[in-house]
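Enquirer: give me the fold of what follows.
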Amino acid sequence: MKPTRFEAAIALIDEKNSEDINTYQVFGIDYPKELLYSQRMTRKLLQFEPNASKALQIAARAQHICRWKIARDEYPMDRTGYLKWRETLKKMHASLTAELLNQVGYDAEFIDRITALINKKRIKKNEESQTLEDTVCLVFLDYYFEEFAAKHDDEKVIDILKKTWAKMSENGHEAALKLNLSEKSLSLIKQALA
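Expert: Numbering: from 1, shown residues only. Below is the predicted model of the structure:
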């Protein structure tokens, strides 16, 4: 049976992300870093919003497509450099995804909807954009936060948590507080919210 356009789009995104030269180890198995991230985004999105549209599912899967191609150190290692790097990445993710979606036959309107989501347009104003942002934050908190927190002092971690919390909706907050986090992580979150 021929795959649907949606299945083909997901397969193409996964194929691109499986080329990641960086790996991330889980249970002793090395995964291409962005392939693992994109699969975690899908899993978390469907736990958080089981009725997520196909557009939202594709945007979540393509959130970091080929992220390794633009290295952080190509930009100044300050806040301005960081923001510029993130902006350049978003445009690349959106443009690459648009090419793949065009390849499998999606129309311009559908593709524009997804590129707007990947470009993080209208967070707090558009329900799908907000759901995607919540999912990004939940994936960070669930899978990457403890490792991040171990590498930085509490003050920086609390600052990052405050910024993360500010981007999330009430539903996102509720989901975050239900994550299986360590005592230390929960205590940092409580300090950030105090």
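
Enquirer: CA-only coordinates of stretch 185-194 in CSV, if you can.
Expert: Output of stretch 185-194 as CSV, limited to C-alpha atoms (Å, rounded to 0.1, in the frame of the first residue of the first chain):
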residue,chain,number,x,y,z
SER,A,185,14.6,19.7,39.4
LEU,A,186,11.3,20.2,41.1
SER,A,187,12.9,22.4,43.7
LEU,A,188,14.6,24.5,41.0
ILE,A,189,11.2,24.9,39.2
LYS,A,190,9.6,25.9,42.5
GLN,A,191,12.3,28.5,43.0
ALA,A,192,11.8,29.8,39.5
LEU,A,193,8.1,30.1,40.1
ALA,A,194,8.4,31.8,43.5
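
Enquirer: which outside residues touch that stretch?
Expert: 145-146, 149, 154, 157-159, 161-162, 165, 176-177, 181 (CB atoms under 8 Å, 6 or more residues apart in numbering). C-beta here means a position set from N, CA and C on the backbone, and glycine is covered the same way.

Enquirer: quick one: pLDDT of the residue nearest the centre of the chain?
Expert: In the chain, the residue lying closest to the centroid (CA atoms, centre = their mean) is Val136, at 4.0 Å. Looking at Val136, its pLDDT stands at 96.

Enquirer: circling back: how about the contacts of stretch 185-194 in JSON lines, adding secondary structure, pLDDT and distance to Glu128?
Expert: What follows is the contacts of stretch 185-194, written out as JSON lines (DSSP: H, G, I helix; E, B strand; the rest coil; pLDDT from 0 to 100; distance: CB to CB, whole Å):
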{"residue": "Phe145", "secondary structure": "helix", "pLDDT": "94", "distance to Glu128": "24"}
{"residue": "Glu146", "secondary structure": "helix", "pLDDT": "92", "distance to Glu128": "29"}
{"residue": "Ala149", "secondary structure": "helix", "pLDDT": "93", "distance to Glu128": "30"}
{"residue": "Asp154", "secondary structure": "helix", "pLDDT": "91", "distance to Glu128": "34"}
{"residue": "Val157", "secondary structure": "helix", "pLDDT": "92", "distance to Glu128": "29"}
{"residue": "Ile158", "secondary structure": "helix", "pLDDT": "93", "distance to Glu128": "30"}
{"residue": "Asp159", "secondary structure": "helix", "pLDDT": "93", "distance to Glu128": "28"}
{"residue": "Leu161", "secondary structure": "helix", "pLDDT": "94", "distance to Glu128": "24"}
{"residue": "Lys162", "secondary structure": "helix", "pLDDT": "94", "distance to Glu128": "25"}
{"residue": "Trp165", "secondary structure": "helix", "pLDDT": "95", "distance to Glu128": "20"}
{"residue": "Ala176", "secondary structure": "helix", "pLDDT": "95", "distance to Glu128": "19"}
{"residue": "Leu177", "secondary structure": "helix", "pLDDT": "92", "distance to Glu128": "23"}
{"residue": "Leu181", "secondary structure": "coil", "pLDDT": "91", "distance to Glu128": "27"}
